[in-house]
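>>> Quick one: sequence plus predicted model below, questions after.
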Amino acid sequence: MASVAQSSTQAVSTGDVNSDASVFQLIQTHQEKAARLPPVEEIRTVLNQSTHGMLSTISQKHEGYPSGSMVDFACDADGSPILVVNSLAVHAKDLLANPKCSLLVANDPEDRTDLVITLHGDSIPVSEKDVAAVRTAYLAKHPDAFRVDFGDFQFMRIEPKVVQYVSGVATTLLGSGEFSKEEYQTAKVDPIAQFSKPIGSHMNRDHAEDTRLIVQHSTSIPVDSAYMLDVDSLGFNVKAVYQGNTYKLRIPFPRRM
């Protein structure tokens, strides 16, 4: 396994911290000790939960240069991203001519300190025997994607070669690393993360004060508010406000769920 660092879901930007150094120290100490998923499991989980990314292909029109496209995708059981491509699309033509590509996925596109994943691999057409299973997996993430059954669309699978990540950009918790295909595919998708949306919606709607108190108890900081972002087996992440400043904080559970 390559060197890894803290997940950016707990990053605190040095540009956003309160002038009170003791508060910043409390946050930093808490974040460093908070239980979190191993990076490879977090990466596998984030990709499994994600539905959009930036696909980079080798341009056929502009030889030797990369070409970027925003794409929808869903991961199969092995963690390989599945695309539905139109035969007329530029990236479809690129992939058929040269299968080498990469897919960049940001856990939070609005926050550059958060986890960013780049999966490098080779695209291959999905075989006829696998189409039914792949179609089911794709429609589970994109239920309105009726185009999957149109004749000029086909499923493509990106077979991973290496998966890289960076987190905590512009913070004291900057980290990066990479994993091989084998390390990535043998990592487990966290079983609780799939329930992040309903759990977070319920807590933010009906128990916002309880969440704030939990964060205050865990960090020893009297935050003004705390908005639950996502949940996994070891804890949850929040966007907390304290004296006008916003921080992403990791709140660990007493034990694995």
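Thanks, I have it.
>>> C-alpha only now, for contacts and for neighbours.
Will do.
>>> Isn't Gln243 up against Asp224?
Yes. Here Gln243 lies in contact with Asp224, judged by CA atoms under 8 Å, at a distance of 7.1 Å.
>>> neighbour-wise, which of these two wins?
Asp224 (16 against 10; other CA atoms under 10 Å).
>>> Confirm for me that that one is in contact with Ala240.
Yes. Here Asp224 reaches Ala240: they are 7.4 Å apart, a contact under CA under 8 Å.
>>> which SS state does Ala35 fall under?
Classification of Ala35 using DSSP: H, G, I helix; E, B strand; the rest coil returns coil.
>>> quick one: contacts for it?
Going by CA atoms under 8 Å, 6 or more residues apart in numbering, Ala35 touches Leu234, Gly235, Pro252, Phe253.
>>> 6 Å instead?
Taking CA atoms under 6 Å, 6 or more residues apart in numbering, we find Ala35 in contact with Pro252.
>>> and what of Glu41?
Glu41 touches Ala187, Lys188, counting by CA under 6 Å, 6+ apart.
>>> That one and Ser233: what is the separation?
11 Å (CA to CA, to the nearest Å).
>>> And Val116, by the same measure?
Noted for Val116: a distance of 21 Å to Ser233, by CA to CA.
>>> One more: Gly68?
35 Å.
>>> With His62 instead?
Taking CA to CA, one finds His62 at 46 Å from Ser233.
>>> Then Phe153?
Counting by CA to CA - Phe153 and Ser233 are separated by 38 Å.
>>> what do you get for Thr219?
For Thr219, the distance to Ser233 - CA to CA - is 19 Å.
>>> more neighbours, these two?
Each of Thr219 and Ser233 has its neighbours counted (other CA under 10 Å); Thr219 has more, 21 against 17.
>>> Would you mind identifying the next helix or strand past the lowest-mean-pLDDT helix or strand in the chain?
None of the helices or strands of the chain scores lower by mean pLDDT, DSSP states H and E than helix 21-33, at a mean of 85. Counting by DSSP states H and E, the next helix or strand C-terminal to helix 21-33 is helix 39-49.
>>> per-residue confidence averaged over that next one?
On average, the pLDDT along helix 39-49 is 97.
>>> chain center to the least confident helix or strand of the chain: distance?
Helix 21-33 has its C-alpha centroid displaced from the chain centroid by 24 Å (CA atoms, centre = their mean, to the nearest Å).
>>> Pull out the buried residues from that helix.
Val23, Phe24, Ile27, Gln28, His30, Gln31 (16 or more other CA atoms under 10 Å).
>>> now swap in stretch 35-47 and tell me
Ala35, Arg36, Leu37, Pro39, Val40, Glu41, Glu42, Ile43, Arg44, Thr45, Val46, Leu47.
>>> Burial check on Ser123, number of neighbours?
Ser123 has 24 nearby residues by other CA under 10 Å.
>>> Quick check: Ser56 touching Gly68?
Yes. When contacts are counted by CA atoms under 6 Å, Ser56 is listed as touching Gly68 (4.5 Å).
>>> between these two, which one's more packed in?
Neighbour totals were compared for Ser56 and Gly68, and Ser56 leads with 22 against 17 (other CA under 10 Å).
>>> secondary structure class for that one?
What three-state DSSP gives for Ser56 is strand.
>>> Alright, calling it a day.
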